[in-house]
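Novice: The amino acid sequence is not available; the structure is as follows:
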């Protein structure tokens, strides 16, 4: 970060974009997201297994095409793409073209079958899966001032904020439609229009198949009154400071992102439908096959974490079919 950008007042969208994706930005670091926070992908291989089963459902809905595409948006270090390939039946894996979409450099040792790209390929047929991508698409923040006017929140490189100009144009229309703010001073909202546009562009790369966005989310009936903008550093939530030292994230208005035919469901419901239940193994297995019991118990614990209320199970899944029936 230069002295100019450190002292300059900017909207949160521009400040976060540079802090996350600019030269030396948070997401260009060698350790990747796993060095700072734990996603469902890192919590358990059960998650990749569930996504692999979803890809198989999409394959069936597509009539088992000669080439089946799996696109991992915001791939981190390619953990999900590698896990999905490992979990697929051999016949499906042999037809699958896997793509990891990420701005960082390709990590050493990644499965050679995974193509590393900065942008998603066009005209794919299969499953596009975006796990914790949209929450890192930078957005503007609005706050209601003492006169009841929603204004853009400006920020400096040290995290200090002040209010700027009133929200106008497309941003104001988005707020009115998706996150209306009353005249109470201090109420805040994240203007999700850039996420809507990013999601529409990603879905537009699919010729046929399914697009899924997974993120901490909220819907119009329960928007948080003071917004959700926050930071993460080394596994701990922290004050968001746009200097490249931490992740900057905000929950996603997935209902606003949804295109016609799309729907939002909780992660626990989606994973249950894909065979991840968290059911404990029968105690009788402990006496007949203790090793299998221990393995099954560990798997049940991982499944419980992925589907837990108040945790990963509260993620929303935006499911967007393109030319096929909803596979859920």
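Specialist: Right, received. Where do you want to start? Being a predicted model, the structure only gives us computed values, none of them experimental.
Novice: Find the nearest non-adjacent residue to the residue nearest the centre of the chain, please.
Specialist: Relative to the mean C-alpha position of the chain, the nearest C-alpha, by C-alpha atoms, centre = their mean, is the one of residue 132, at 1.7 Å. Taking C-beta to C-beta, 6 or more residues apart in numbering as the measure, residue 132 lies nearest to residue 39, with 5.3 Å between them; neighbours along the chain are not counted. (Glycine included, C-beta is placed from N, CA and C.)
Novice: Now do the same contact list for the residue nearest to the centre of the chain.
Specialist: Contacts of residue 132 were listed using C-beta atoms under 8 Å, 6 or more residues apart in numbering, and they are 33, 39, 74, 214, 215.
Novice: domain parsing for the protein?
Specialist: Described in terms of automatic domain parsing, the domain architecture of the chain consists of the residue ranges 3-15+139-190, 31-138+192-217+252-277+312-322.
Novice: Let me know which of those is tucked in deepest.
Specialist: Per-residue neighbour counts averaged over each of the domains of the chain give the maximum for domain 31-138+192-217+252-277+312-322, namely a mean of 20 (mean count of other C-beta atoms under 10 Å).
Novice: How far does that domain sit from its chain's centre?
Specialist: Here the centre of mass of C-alpha atoms in domain 31-138+192-217+252-277+312-322, compared against the chain's by C-alpha atoms, centre = their mean, to the nearest Å, lies 9 Å away.
Novice: per-residue confidence at the residue nearest to the centre of the chain?
Specialist: Here the pLDDT value assigned to residue 132 is 93.
Novice: now it: how far from residue 72?
Specialist: Counting by C-beta to C-beta, to the nearest Å, the gap from residue 132 to residue 72 is 11 Å.
Novice: Help me confirm that residue 210 is found in a strand?
Specialist: Yes - going by DSSP: H, G, I helix; E, B strand; the rest coil, the assignment for residue 210 places it inside a strand.
Novice: That one reaches residue 127, doesn't it?
Specialist: Yes - contact criterion C-beta atoms under 8 Å: residue 210 and residue 127 qualify, at 5.3 Å.
Novice: Now do the shared contacts for the two.
Specialist: Shared contacts of residue 210 and residue 127 (C-beta under 8 Å, 6+ apart): 54, 58.
Novice: Helices along this structure, start to end?
Specialist: Along the chain, counting by DSSP state H, helices occupy 3-7, 12-21, 40-43, 45-61, 79-87, 90-93, 169-178, 193-203, 254-257, 267-273, 284-288, 290-306.
Novice: Any regions of the stretch 1-150 of the chain where pLDDT drops low?
Specialist: Along the stretch 1-150 of the chain, the model assigns pLDDT under 70 to residues 1-6, 30-38, 43.
Novice: Let me see the contact set for residue 267.
Specialist: Applying C-beta under 8 Å, 6+ apart to residue 267 gives the contacts 40, 214, 306, 307, 312, 313, 314, 315, 316, 317.
Novice: Pull the contacting residues for the second one.
Specialist: The one in question is residue 214. Residues counted as contacts of residue 214 (C-beta under 8 Å, 6+ apart) are 40, 129, 130, 131, 132, 267, 315, 316, 317, 318.
Novice: From residue 270, how far off is it?
Specialist: Between residue 214 and residue 270 the distance, using C-beta to C-beta, works out to 8 Å.
Novice: For residue 166, give me its contacts.
Specialist: The contact partners of residue 166, by C-beta under 8 Å, 6+ apart, come to 149, 150, 151, 152, 172.
Novice: tell me the contacts of the first one?
Specialist: With contact taken as C-beta under 8 Å, 6+ apart, residue 149 is in contact with residue 166.
Novice: now that we're looking at it, how far away is residue 222 from it?
Specialist: 24 Å.
Novice: any idea of the pLDDT on residue 182?
Specialist: Here, the pLDDT recorded for residue 182 equals 88.
Novice: Quick one: residues contacting it.
Specialist: When contacts are taken as C-beta under 8 Å, 6+ apart, residue 182 is in contact with residue 144.
Novice: That one and residue 173, how far apart?
Specialist: From residue 182 to residue 173 the distance is 17 Å (C-beta to C-beta).
Novice: do residue 152 as well
Specialist: When distance is defined by C-beta to C-beta, residue 152 is 15 Å away from residue 173.
Novice: same thing with residue 165?
Specialist: Residue 165 sits 16 Å away from residue 173, taking C-beta to C-beta as the criterion.
Novice: quick revisit: biggest separation within the contacts of residue 214, which pair?
Specialist: Farthest-apart pair in these is 40 and 318; separation 14.9 Å (C-beta to C-beta).
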